[in-house]
Every structure is written in C-alpha cells, then in structure tokens.
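Peer 1: Please work out how this folds:
(2 chains)
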Amino acid sequence: MTTRYVLVLAGILTLIGLAMFVYKWQVLGLPVDDNQETPTWTVETTIGFESGPGSISVNLQIPTLTPGFATLDEFSVSRNFAFGLNYVGADREAQWTVRRADGSQTLYYRIIVYADPDNDQSDITPPLPIPPSINEPLRTAVEMIVADVSEHSADAASFTAVLLRQINTPSPNPNIELLLAEATTKAAVVRQITTVLASARIPARIIHGIPLQDQQRQVQPVPWLEIHDGDRWRYFNPDTAIEGLPDNFLIWWRGSEPLVRVEGGSSVETNFAVQRNLIDTVAIAENRADVRQSRLIDFSLFSLPIKTQAVYGVLLMIPIGALIITIMRNVIGIDTFGTFMPVLIALAFRETQLVSGIVLFTFLVALGLSIRFLLERLRLLLVPRLSAVLIVVVLLMLITSIITHQLGLEMGLSVALFPMVIIAMTIERMSVLWEERGASEAMRAGLGSMIVAILAYLVMGMSWLEHLIFTFPELLLIILAVVLLLGRYTGYRVSELKRFKALIAPK
Amino acid sequence: MLQTARLLRESGVLGINERNAEFIMRLNPRHFFPRVDDKAITKALAIEAGMPVPELYGSIASQAEVRHFSDIVADRESFVVKPACGSGGDGIVVVTGRSKRKAASYRLANGLLITGNEIEHHISNVVGGQYSLSGNPDTALIEYCVQFDPLFADVSYQGVPDIRVIVYRGYPVMSMVRLPTRNSDGKANLHQGAVGAGIDLSTGRTLRGVLGNDVVDEHPDTGALISGLYIPQWDFILQASARSYEVTGLGYVGVDIVIDRSQGPMILEMNARPGLNIQIANGCGILRRVRRIDEIFDPTADPITRARVARQEFSAEVQGALALE
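Peer 2: Predicted coordinates for the structure are as follows:
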C-alpha cells in the first residue's frame, strides 16, 4: 500500500521534473551542455551628416521582420537628439529629432540579432498591385516583356525566374535594354523589375539586407527581390534568378523608401558595421522565453543576483550529495559518521581541492583525536568537553595555517574553510567509537566517511552536472523521486551479500 | 552479485533495509519505542507484567545527584551502572566487588580497580547523554549485578552471557546466546567481539558458535565446547519473551535475558531494532519462520500458548539450520 503511494508520488515527481526539463530544453532552448555559446551579430548603423540651421529630423529604416533571425537587443546612441520609434505600416523607423544642432553630427543605431531558424514571421498577404501607369515608350516595352515572359512561365515564381534570367543574359533583347537604360544602381534595376512584375499583377518589392560577416566595417545594403505568389513571400536573387535568401542575410528594410531621410541636414553618409560575438546561450533562451511570454524563466535562478546565483550553484549540488549518501549507506552499506557529514566534508573539499583537503582533514582529525584522549583523562562533562574540543580544533586550524604559510605551503591556508564544528563532531564521535568499539571500528567508520566524502566531492564537482542542475533545478524533483524510491528499497545491501553469504541454504 | 542476492532471498535471509521498512516501521509504532529505549520504563512495565528483572538499586537523573552514588551502593558488594537510553551495551560498567585494601575503590568485571571518582565521572557522562541514542540527557540506572549461572562459566570470559530471543508478533522465532570474550571486554555484544551461538528453539540446546563472520566450535578464550549446552528453564524463557508482545506493543522485538545463579532467568532489556547477526549465529535466515508465524498467527493466543507453538514449529532440524556434527 505504502509502496504504491511512493511509486505514484515518485512517478508524478519524475513526470513534472521531466516535463519542465524538456520544455525548457527543447522549447526555450536552454543548453544542456556546459559553456554553450551562440553566435550573435551586432550590426551598427552610423549616420553622419552636417547639420543645417534649423531643426533636424532623421529617419532611419530599421529591421522589423527578419526571417531566420531574432532580435536580442537594440539601442541607439545619439547625443542631444530625442529618439523614438515610428511604426509605418508593417515597417519600423527610428527617428531622431533635435531643435538645433551645430556642426557635423553622428548618430548610431545598433541591433543585436542571433540566428533563429524558427523565426519565420512573414508579412501579410499584399493586395494585387494596380498596373502602374508608365509613360511611353517604356510602357510598350514593359507590355512586350510581360507578354514574352508569360509565354515561357506558368506561375508567379516561374514568371519571376524567367524575367530575371532574361534581364541577366549578356545580350538582353531591346525591350529590356530600354527598361534598364536609366537604372544605374542595382537597387534601381530591382525597382524596374518590380515595375514589370506589377504590370504582370504580381505583388513584388525590393528588400534590402545586410550580409552578416564578421569584422565588416564598410557594409552596404544588398538589394534583393521579394515576390508574393498568392500564398507566401518568396525571395529571388536579382542577379542569378535563384530563389532563396543568402546565408546570414539580415533583411533590414523593405520597399523603395530610402534608408535614411534627413531633414535639416546635408552631406548624409550612412554606413553599416557588422561584428560577430559569442553570447551565453542562456541569455538567448531568456530572450526567447520573453518573446513567448513564458513565465517559467522569470522564476529561474538566472533572475537572481549573481552573488546569490553563486551560492545556489553550490547549494543545488547538496541534493546530489544526499543521493550519493543514500545510495552508499542503504544500497552499498558503507558506515559513515553522522548522516550528512560526508557531504559537508565534500563541500569543504571544493574549496581546498581534493588532495590537500584529505591531507588537512586527516591531519586535523588525528591531531584533534590525540588531544581529545588527553581531555578524556580530565573527566570533563559532555558539553564542556565538546566545547573544549571545538576550541582546540580552531587553535589547530590557526596553527596549521600559520606554520604552512611560513613553510611556503599555501594549501595550509585553506584549512580555514573546513567547517570546524563538523571536525569537532567527527573527533568526538570517533573517539567515543574508538573507546567503545575499538580502534579498528573507528578507523573503518572514518575511512567509510572519507570514501563517501571523496565520492560525493567528485560527483558534486562535475561541472556539466552543476550546470545541468543549475539550469534545470526541476531535475531535483527526479532526484527526490529516486530518493523516495530508495526509501522503499528493501533489498539487500551490497555489504550484506558478503556478511550473510554463509547463510545460503544448500540445495 | 545479483545471483548472491537471489540465493539469499531464497534462503529467507532478512536484510537491514527490509528489517527497517517491513518489520520495524510496520510492526513497531514509534510511540511505543520509549518503552524499550528507556530501560527504566522497560523495567517498570516488566515488573507490572510479572516478568522477572534485576532489582533496581537507584537511579541518577541529574548531575547534582551524581554524588548520591556512594549512598546508593553503600551496602552493595556488586552492581551494574547502565544508561537508561543506551544502545548496544555501550556505557555499561559492571562492578563485581570492592577492594579490600583501598577504601572507595571498586573492582570491575575484568579485574581492574576503579575509584569512586572515576565511576562518578562515568555516571556524569551517562547523565550528560554521551551514551544515549539521541544524545539527550539521560538517566543512569544502578541495579543488581547478575551472578551468572555456572552453566556458562566455561564458555564466557568475565561477564554475563545473555540470551537474545527475537519475538515476532508475540511468537519467539529465533534465539541465540551471546558469550563474552576477552576481546569484547566482558560485554555480550556480537559486534564488540562476543561469540554468538544459535539456540534450537524446540530443545533449548545451543548450536555452533559464530565469532564475527566465522564459525567457531570452541570459545576463543576458555577453549570449551560451545555447542550442545542446554539452556535451563527454556520454557520459562520463551514464555517471558512471548509476553513482551503484550508488554511493549511491539511486533518485532529482541528480548535480552540473563540467567542468574539464584533467581533464574531475568529480562535485562528489550530492543525495538534487534540486529541481524542472530541469523548468522543460527546459520539460518529468519524470513521463513516469520512467514510461518503469519500463517498460524492467532490473536487470541496467550504467551504460554505462543511459546509452545514456537517450540513445536521451529526446531533446528525442521528449519534447516546447519547440523551440528
């Protein structure tokens, strides 16, 4: 009956723990591995201009919908200017305004993005474009191009592909030559293409993107072609007619509006710089949770102050130590002093390092034991004697630190990190055991405690485990479930197999 | 390893996890524990139930009373000091006589002399809680020192051998005698080095001896043969043990009995967490006997009936204990 309750409870705990773990891992993308970092791109726009006499207003197109990328952070640096964001349709504009400014001005806008394949927010379906009114003789040329291309294509996408191929042939036909006669820049070419597509009643627009490459100081936006096939937006390389976006291509703005509009200023220069950084994946996950409005991460340890986080980094490992103690005592059957003393010793080892920790601990306990035996002759009452042992332990720690420091052994200083009450209790229990059960029994329990402490130290010191528990504290629920199950473990301890071996009934 | 575990399981050997989870937690309600953990209460309950116990000379419950020690033992030649809440025989001092030459000086069971001051220090340690299970302040009991039966003179070294009977739901299921050795310092505790010897429940005759995990035929100090001794007043011992069920309310209890030369068997103490070594001493797992009791358990049976049933059911031959020779 009880066993069934325990099983059910353990099952529920495991389920909750696992579910939260999987959600945070798979959906929020919290890293399971230690030190996992995600590349982020910092794109900085610099706008330089000479200020005119009157008030100045600067409008900059900034990224809104960025397929394949998610925004981690964005900010602007601008002395004296008021900064604001304007939403123009589906697009965004950064706006700086100032009543009066002197000399040359520089404004910065910076955005930090990271690759996020899931981010596939696409724009709304546009209405069918009205055929543009074009003046002759261009009008006839466009009509002939549309008729020609229509003959060779089946739908919007193939129409676009055929059109782009015709435009990019080394010797285009006269109509196309006429169309592109005045298009000197690539952006202008793409704009002319959108005009042809509009005449064919295909919604199309020019998009401008920043190719993300590390350490780029002078980057200019690359025009790209975007058409809507009635179902979704599709991207075309205007030079090669190949569909798709290049790798690491951050769409900055859409449409034919200029990147920057400066009113009240002149000699405008705009420049993009790109920088690749590595940032802790946890920060990305936090941002993602924020975007998804998941409250789970607000209650995670990462929201605590750094100092408190460090404390919990250690505290959260104690359940692991408790699990090890449980297994060692109830399944293996190793004797220890006190129930959780080995865990506390293991925690002290974290500070002192293992070898010097073992040496110091053994040394202190041995020294303390001999003094404890001297105290025994004085016939002190229990509590005063415990206090005396505690004081002696503190003095011994002090002397050890001073002497080893004089000898130039810095490891001796770490002795102060041992929990002295734990040492005093160890000495007391060990001496009582020594007197009553003999030296061998005391040594055995002492050795058992040490072995368990070392094991606990080694497991609790695994950095991937520490990271895992710290990032996913809900895993402690699973540990709790395991401990509960061990609480109903009625099988033999490993040590009992040897102890009772002679009792196996002969067949 | 799993193979060994399976074989042990088939042989009905009880492990410590199973003892704790299935026997102690299920059968021994925690609020009854003080009845056995505090020997002063055990003694009072046993007297009430008409079970024989060593006479209590006096008890010391606080540091201030420690100086009354010499008054309590004023006209006693021998006595035992023990912590009321001690465990495993720790903190017990057996005084067998007084020094002829030095006043206020006592002779211990091992022949050493000890001054009254030293005993008082020990008592104040006991009162301070050094030997108590929980570390809380304790009471020191000063009681009659059992004059052990000459039957065991050859198979014990200084000290009193005692008989442990495991009583399951009121039925004695397994028993052993614990013989002090030089190593155990006169104490009858197996983990302190005493020799354990199983007892055939149906006849009251000792089986082979066990020292640690080794089988021994002779007592390591005296060289006397351990097996084949008949425990006197065996019926009475089983009946007194069976009575512990009513007295303590515990369903799984170890009853410790000593046999006094003049007063016969006396209950020394009871244990709500009896050890598992008794299985080694008997060369036999305890689980089969326990299951047999579950089959034949009769809530209306009185202690005498239960003791008789146990004698019928659990003979060494029937239960497959290792044969003598």
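Peer 1: Tell me the residue of chain B that sits nearest chain A?
Peer 2: Nearest residue of chain B to chain A (C-beta to the nearest C-beta) works out as residue B:128 at 3.3 Å. Heads up, the C-betas are built off the backbone N, CA and C, glycines and all.
Peer 1: Give me the neighbour count for the residue nearest to that residue when sequence neighbours are not counted.
Peer 2: The spatial neighbour of residue B:128 that comes closest, neighbours along the chain excluded (C-beta to C-beta, 6 or more residues apart in numbering or on different chains), is residue A:382 at 3.3 Å. For residue A:382, the tally of surrounding residues (other C-beta atoms under 10 Å in any protein chain shown) stands at 18.
Peer 1: tell me the contacts of residue A:382?
Peer 2: Residues in contact with residue A:382 (C-beta atoms under 8 Å, 6 or more residues apart in numbering or on different chains) are B:125, B:128, B:129, B:130.
Peer 1: how close does the residue in chain A that chain B sits nearest to sit to residue B:70?
Peer 2: Distance from chain B to each residue of chain A (C-beta to the nearest C-beta) is smallest for residue A:382, at 3.3 Å. Using C-beta to C-beta, to the nearest Å, residue A:382 is found at 22 Å from residue B:70.
Peer 1: how about the CA coordinates for the helix or strand harbouring residue A:207, as PDB?
Peer 2: Residue A:207 is part of strand A:204-211, with elements assigned from DSSP states H and E. Extracted in PDB, the C-alpha atoms of strand A:204-211 (Å, rounded to 0.1, in the frame of the first residue of the first chain):
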ATOM      1  CA  ALA A 204       6.700  42.300 -55.600                       C
ATOM      2  CA  ARG A 205       9.000  44.600 -53.800                       C
ATOM      3  CA  ILE A 206      12.600  45.300 -53.300                       C
ATOM      4  CA  ILE A 207      14.200  44.300 -50.000                       C
ATOM      5  CA  HIS A 208      17.500  45.500 -48.600                       C
ATOM      6  CA  GLY A 209      19.600  43.200 -46.400                       C
ATOM      7  CA  ILE A 210      22.900  43.200 -44.700                       C
ATOM      8  CA  PRO A 211      25.100  40.200 -45.300                       C
END
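Peer 1: what's that strand packed up against?
Peer 2: Packing contacts for strand A:204-211, counted by 3 or more C-beta pairs under 8 Å, 6 or more residues apart in numbering or on different chains; DSSP states H and E, involve helix A:186-199, strand A:222-228, strand A:249-254.
Peer 1: got CSV for the ones you listed, with mean pLDDT, distance to residue A:109 and mean neighbour count too?
Peer 2: Converted to CSV, the helices and strands packed on strand A:204-211 look like this (pLDDT from 0 to 100; distance: least, C-beta to C-beta, whole Å; neighbours: other C-beta atoms under 10 Å in any protein chain shown):
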stretch, mean pLDDT, distance to residue A:109, mean neighbour count
helix A:186-199, 83, 20, 20
strand A:222-228, 87, 18, 22
strand A:249-254, 86, 11, 22
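Peer 1: quick one: least confident helix or strand in the chain?
Peer 2: You didn't pick a chain, so chain A it is. Of all helical and strand segments in chain A, the minimum by mean pLDDT, DSSP states H and E falls on helix A:281-291, at a mean of 68.
Peer 1: not quite, I wanted chain B
Peer 2: Lowest mean confidence among the helices and strands of chain B (mean pLDDT, DSSP H and E): strand B:214-216, at a mean of 80.
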